[in-house]
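**Q** My questions are about this predicted structure, shown below with the sequence.
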Amino acid sequence: MALDIVIMAAGKGTRMKSGLPKVLHRLAGRSLLDHVLDTTATLGPERTLVVTGHGAEQVDRVVAAHGAQAVLQSPQLGTGHAIQQVVPQLGEAGTTLILNGDVPLIEAATASALAQACGDAQLALLTIILPDASGYGRILRAPDGAVLGIVEHKDASPAQRQIREVYTGMMAAPTALLKRWVMALRNDNAQGEFYLTDIVAMAVAQGVPVVASPAPDETGVLGVNSPLQLADLERRLQRRRAEALLEAGVRLADPARFDLRGTLSHGQDVEIDVGCVFEGQVHLGEGVRIGAHCVLRNASLAAGVVIQPFTHIDGATLGAGTQVGPFARLRPGAALAEDVHIGNFVEVKNSTLARGAKANHLAYLGDASVGERVNYGAGSITANYDGANKHLTVIEADVHIGSNCVLVAPVTIRAGGTVGGGSTITRATEAGKLTVARGKQVTIPGWKRPVKAKRP
């Protein structure tokens, strides 16, 4: 079956109260349109056409990133008018599947079933039964159950408003018939718009079967028209992801306080406390424990790693048995070997730390190579930036760096050496020796502390 997919993404989203096009608002870290395009890619369409309008330049960049084709609708004169714009790009036969860019959680199986229900011969409408159908178009059926049409909520009679089967705004139609129907649409209505739903009556009048393809759950067909609806969908999606992790054996302290904005792979016996956020691609090895309110992005943690609360990890790899935090920050390029300890208020960027190295308090390691069993003192920093370029600090194995030291890169601290507290090191040190570089302590006789002048 030849399949074309059209995604409606031209709307402004006035109720979002934002300058950002509605389909670019983010759900679980990605735009609404990204979610839809990811799903449609799995269906193997011959072409994917995205109807853009408001903020087209911004939306077009997302469309291009997925290898789809943007088609501009300007001005926006209704859903039928949107499909009229893509008619020249559609194939000559097969099925056209019409989805909405602001319905991000449509399942691939649901969309595929809708296309199959069309079968190149029938008009198929994606429907769902809701306990509260307010605002939705109702599905009208004949006594024998045949679909007769759709009536919008505002036009429905009191009896019709009791109908709970609603049209989700998504359909599949034989491409050749769709092209003919939409070009015959008229806009003689109060809004002066061309409504795609008017093709249902055309199909019935021409004897083309109209069928309903039921959606399996409400979440997959919910659209986003307001920040409130976006927040509701976010929690639904996060709950779904949390439950999948729980089923897989991950211990979440509270699935209602968990956010996954990417992918999370894991070993056995992983524990995650409340308020944690995972972005990009994250792997947690066997027995990893994540404390409360941590943020992990594009990170890989080996078995037995313990992350204390309020730690941020971005673009880092952590070896087995490593401990980090609380209140620590690992930035891109941080690579920690086994049994490394990074303590509170320590920042590591673009640095490697070998087995057993420790930086337990109030320290900065940037552009550094740190050897095994190094003890890096509180308040010490690598001065890696000269105002134009970054430079490397090498700290060899078994070095002890005292508190409040400045290592001015490029510089090497030789194996087994000790740097005395308060030192500023600008040249390579000797292996196994104590190096001290600080001003001589003096006491100034007769000095008196200044006092404030008395006010008149």
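**A** Structure's in. What do you need?

**Q** which residues does residue 247 contact?
**A** For residue 247, the contact set (Cβ atoms under 8 Å, 6 or more residues apart in numbering) is empty. C-beta: built from backbone N, CA, C; applies to glycine.

**Q** measure it to residue 240 for me?
**A** Using Cβ to Cβ, to the nearest Å, residue 247 is found at 11 Å from residue 240.

**Q** Please apply the same query to residue 132.
**A** Residue 132 sits 21 Å away from residue 240, going by Cβ to Cβ.

**Q** Give me the more crowded residue out of these two.
**A** Using other Cβ atoms under 10 Å as the criterion, residue 132 and residue 240 rank with residue 240 on top: 14 against 8.

**Q** Tell me if I'm right that the more buried one and residue 219 touch.
**A** Yes: at 7.4 Å, residue 240 counts as touching residue 219 under the criterion of Cβ atoms under 8 Å.

**Q** what sits against the nearest residue to residue 213 once chain neighbours are set aside?
**A** Among residues not flanking residue 213 along the chain, residue 117 sits closest, at 4.1 Å (Cβ to Cβ, 6 or more residues apart in numbering). Residue 117 is in contact with 124, 172, 211, 213, counting by Cβ under 8 Å, 6+ apart.

**Q** Does the last one fall in a helix, a strand, or a coil region?
**A** For residue 213, the reduced secondary structure class is strand; criterion used: DSSP: H, G, I helix; E, B strand; the rest coil.

**Q** Kindly confirm whether my reading is correct that it touches residue 123.
**A** No: applying Cβ under 8 Å as the test, residue 213 and residue 123 come out as separate, 10.5 Å apart.

**Q** Top of the contacts of residue 117 by number of neighbours, please.
**A** residue 172 (30 neighbours).

**Q** quick one: strands adjacent to the helix or strand harbouring residue 346?
**A** Using DSSP states H and E, residue 346 falls within strand 341-349. Applying DSSP bridges, strand 341-349 is found paired with strand 323-324 (parallel), strand 329-330 (parallel), strand 358-366 (parallel).

**Q** on that earlier part again, out of the contacts of residue 117, flag the one nearest to residue 26.
**A** If you rank the contacts of residue 117 by distance to residue 26 using Cβ to Cβ, residue 172 comes first, at 28.1 Å.

**Q** Who does the helix or strand containing that closest one pair with, and is each partner parallel or antiparallel?
**A** Here residue 172 is covered by strand 165-174, with elements defined by DSSP H and E. Paired neighbours of strand 165-174 in the sheet (DSSP bridges): strand 95-100 (antiparallel), strand 123-129 (antiparallel), strand 137-141 (antiparallel).

**Q** just so I have it, where are all the helices in the stretch 201-350 of the chain?
**A** Here the stretch 201-350 of the chain has its helices, by DSSP state H, counting those that start in this stretch, at 227-247.

**Q** now the strands for it?
**A** Secondary structure of the stretch 201-350 of the chain, counting by DSSP state E, counting those that start in this stretch: strands at 210-214, 251-252, 258-266, 271-272, 276-284, 289-290, 295-301, 306-307, 312-314, 317-318, 323-324, 329-330, 335-336, 341-349.

**Q** which residues do residue 213 and residue 123 both contact?
**A** With Cβ under 8 Å, 6+ apart as the test, residue 213 and residue 123 both reach residue 172.

**Q** and residue 292, how far is that from residue 300?
**A** When residue 292 is compared with residue 300 (using Cβ to Cβ), they lie 21 Å apart.

**Q** Can you tell me, leaving aside adjacent residues, what's nearest to residue 299?
**A** That would be residue 313: by Cβ to Cβ, 6+ apart, it lies 4.7 Å from residue 299.

**Q** wait, the one you found sits on residue 332?
**A** No: Residue 313 is beyond contact range of residue 332, at 10.1 Å (criterion: Cβ under 8 Å).

**Q** Settle it for me: which of those two has more neighbours?
**A** residue 313 (29 against 12).

**Q** so what's that one up against?
**A** Per Cβ under 8 Å, 6+ apart, neighbours of residue 313: 294, 295, 296, 297, 299, 301, 307, 324, 329, 330, 334.

**Q** Show the pLDDT at it.
**A** The model reports residue 313 with a pLDDT of 98.

**Q** Residue 332 now?
**A** pLDDT, residue 332: 98.

**Q** JSON lines please, covering the strands of the stretch 201-350 of the chain and showing distance to residue 379.
**A** Putting the strands of the stretch 201-350 of the chain into JSON lines (distance: least, Cβ to Cβ, whole Å) gives the following:
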{"stretch": "strand 210-214", "distance to residue 379": "65"}
{"stretch": "strand 251-252", "distance to residue 379": "37"}
{"stretch": "strand 258-266", "distance to residue 379": "34"}
{"stretch": "strand 271-272", "distance to residue 379": "32"}
{"stretch": "strand 276-284", "distance to residue 379": "29"}
{"stretch": "strand 289-290", "distance to residue 379": "28"}
{"stretch": "strand 295-301", "distance to residue 379": "25"}
{"stretch": "strand 306-307", "distance to residue 379": "23"}
{"stretch": "strand 312-314", "distance to residue 379": "20"}
{"stretch": "strand 317-318", "distance to residue 379": "24"}
{"stretch": "strand 323-324", "distance to residue 379": "19"}
{"stretch": "strand 329-330", "distance to residue 379": "16"}
{"stretch": "strand 335-336", "distance to residue 379": "21"}
{"stretch": "strand 341-349", "distance to residue 379": "10"}
